[in-house]
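A.B. asks: Build me a model from this:
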Amino acid sequence: MEVQPLRKDHEEVTSRSHREAAVALETGLGEALRTDYFQLSEEFTPAQLAYLQRARAFVHDDVLPVINGYWERAEFPRDLVRKLGAAGLVGDGIEGYGCPVMDPLSAGLVTMELNRGDGSIGTFLGVQAGLAMRSIAMLGSQEQKQRWLPAMARVDALGAFALTEPEHGSDSVALETTARRDGEEYVIDGTKKWIGNGTVADVAVVWARDTADGQVKGFLVEKGTPGYHARLIDGKGSLRAVWQASIDLDGVRIPASNRLPRAQSFRDTAAVLASTRATCAWAALGHAVAGYDAALAYAGRRTQFGRPLAGFQLVQDRLVKMLAKVTAMQLYCRRLADLALAGRVEPTLAGLAKSHNTTAAREVLAEARDLLGGNGILLDFHVIRHMADIEAIHTFEGTATIQNLIVGRDITGLSAFGTRGA
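C.D. replies: Have a look, this model is predicted:
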């Protein structure tokens, strides 16, 4: 029996009105909630359900019909990210300044759903809202917030977060980019790598070491500033539809007013990163749900030896083990949302969730790809794209190994890092 790609299902879904999708969601029939085995959605407020439905409608109506083409061509989907802003999904829970009002659970559900559709779109949101906008919201002046946040929430302006360097990834505390005060300006010199949106950003949050006191601080570098040279990183096998850049900062001069006034040391940078590690846990959940849903649907339709794959004992055993991992990931994320609402998401908690969920997502997607057999490597079935994309999420914002060492230091009282990480 020949099995049609999942794209057919997506076309059927996109023909439904948003109202029908909302009714299906509220009655527990929304297709993504097939994985809600512990019925967590029963506790969602109407506002939280609305964000979930809105993000899901965006994924099915706008993302899934076209994303494989963008991914295969390694093309940045400018039209999709503009629609993301118009849909009121960009803000990551930042209060005011034109950002949509959403609590931590709503923000997490949006991240989950976008990554269930595509990791590049989800990563764009993480860079735009979780890193660039949040840096300005947490550490910027009122003038900086007023200027940038409303436009970035609408995606009229794009943001980047320039921290990682060619020689400093996990040990970004040791960054070598410098900022030197010169009268009413700062002069920035250095190099950055793996900077999302770096070639297209209207404003980049650049982290550099102030030569006056040796502390890491944040600076806003606007598009067109002389000395800012960004080159697209080609040849990626993961997150192909979002662009990362290598950046040379050669005597970049910015007004002193472009320094983030509340960014006084790397501790402030780490505070921004702590929130994005929680975001990574939600993103990984979205990828895992996509893989599990695809495998379950395929196993129910694909017939071998006279019966559906889902009717074989080994296949059911594998599906249940995948569901168990997805359910555990959901519980991690649900608890993170509660702690975030109470202001209690410590770096170690976010790190543990990020490590657990990205590792579990890799395992779920590997199982899904295997269960789909030869079809598992076709983009039409989506699983291989998610399998490739989870590799980047497993690495960025601190690898799973680094997160484990951070948690290990917390539970043992002993640091396994070198001197700088102690």
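A.B. asks: and Asn288, what is it in contact with?
C.D. replies: Not quite, residue 288 is Ala, not Asn. Ala288 makes contact with Met322, Lys325, Val326, Met329, Asn357, Ala360, Ala361, Val364, Leu365, according to C-beta atoms under 8 Å, 6 or more residues apart in numbering. All C-beta spots, glycine's among them, are computed from the backbone N, C-alpha and C.
A.B. asks: Which residue ranges of the stretch 1-150 of the chain form helices?
C.D. replies: Assignment of helices within the stretch 1-150 of the chain using DSSP state H, counting those that start in this stretch yields the ranges 7-14, 18-26, 46-58, 67-73, 78-86, 104-117, 119-125, 134-139, 142-153.
A.B. asks: need these in CSV with distance to Ile188, can you?
C.D. replies: Shown next, in CSV, are the helices of the stretch 1-150 of the chain (distance: least, C-beta to C-beta, whole Å):
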stretch, distance to Ile188
helix 7-14, 45
helix 18-26, 46
helix 46-58, 36
helix 67-73, 33
helix 78-86, 27
helix 104-117, 31
helix 119-125, 25
helix 134-139, 16
helix 142-153, 17
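A.B. asks: Quick one: closest of those helices to Leu349.
C.D. replies: Among those, the nearest to Leu349 by C-beta to C-beta is helix 104-117 (12.9 Å).
A.B. asks: as a whole number, average confidence for the closest one?
C.D. replies: Helix 104-117 carries an average pLDDT of 96.
A.B. asks: now for it, which elements pack on it?
C.D. replies: Judged by 3 or more C-beta pairs under 8 Å, 6 or more residues apart in numbering; DSSP states H and E, the packing partners of helix 104-117 are helix 46-58, helix 119-125, helix 266-301, helix 313-341.
A.B. asks: Quick one: those helices as CSV, columns for distance to Glu176 too.
C.D. replies: Shown next, in CSV, are those (distance: least, C-beta to C-beta, whole Å):
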stretch, distance to Glu176
helix 46-58, 39
helix 119-125, 26
helix 266-301, 13
helix 313-341, 33
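A.B. asks: Just name the most buried of these.
C.D. replies: When the helices and strands packed on helix 104-117 are scored by mean count of other C-beta atoms under 10 Å, the highest mean neighbour count falls to helix 119-125 (a mean of 28).
A.B. asks: what sits up against that helix?
C.D. replies: Contacts of helix 119-125 (C-beta under 8 Å, 6+ apart): 63, 67, 70-71, 77, 80-81, 84, 89-90, 92, 110-111, 114-115, 196-197, 238-242, 283, 286-287, 385-386, 389-390, 392-393.
A.B. asks: May I ask which helix or strand encompasses Gly190?
C.D. replies: Using DSSP states H and E, Gly190 sits in strand 185-196.
A.B. asks: So for that strand, what gets flagged as buried?
C.D. replies: Tyr186, Val187, Ile188, Asp189, Gly190, Thr191, Lys192, Lys193, Trp194, Ile195, Gly196 (16 or more other C-beta atoms under 10 Å).
A.B. asks: Can you give the strand pairings for it, parallel or anti for each?
C.D. replies: Strand 185-196 sits in its sheet next to strand 178-182 (antiparallel), strand 244-255 (antiparallel), going by DSSP bridges.
A.B. asks: Looking at the ones you listed, which one is packed in the most?
C.D. replies: Sort these by mean neighbour count, taking mean count of other C-beta under 10 Å, and strand 244-255 sits at the top with a mean of 19.
A.B. asks: what does that one contact?
C.D. replies: For strand 244-255, contacts defined as C-beta under 8 Å, 6+ apart pick out 160, 162, 166, 177, 182, 184-199, 204, 206, 208, 219-222, 225-233, 236.
A.B. asks: again, only this time at 7 Å
C.D. replies: 162, 177, 184-196, 198-199, 206, 219, 221, 225, 227-233 (C-beta atoms under 7 Å, 6 or more residues apart in numbering).
A.B. asks: cool, and stretch 348-365?
C.D. replies: For stretch 348-365, contacts defined as C-beta under 7 Å, 6+ apart pick out 274, 277-278, 280-281, 284-285, 287-288, 291-292, 322, 325-326, 328-329, 332, 336, 339, 383, 386-387, 390, 393-394, 397-398, 400, 403-404, 406-407, 410.
A.B. asks: and Phe381, how many residues sit next to it?
C.D. replies: Using other C-beta atoms under 10 Å, Phe381 is surrounded by 23 other residues.
A.B. asks: I meant to write Leu80 there.
C.D. replies: Counted by other C-beta under 10 Å, the residues lying close to Leu80 total 21.
A.B. asks: coming back round to it: which of the contacts of helix 119-125 are buried?
C.D. replies: 63, 67, 70-71, 77, 80-81, 84, 89-90, 92, 110-111, 114-115, 196-197, 238-242, 283, 286-287, 385-386, 389-390, 392-393.
A.B. asks: Okay, now the unreliable bits of this protein?
C.D. replies: 1-34, 169-172, 418-422 (pLDDT under 70).
A.B. asks: Would you mind splitting it into its domains for me?
C.D. replies: 7-153, 159-265, 267-412 (automatic domain parsing).
A.B. asks: Find out how far the shortest one is from the centre of the chain, if you would.
C.D. replies: Just to be clear, that refers to domain 159-265. Centroid separation for domain 159-265 versus its chain: 20 Å, with C-alpha atoms, centre = their mean, to the nearest Å.
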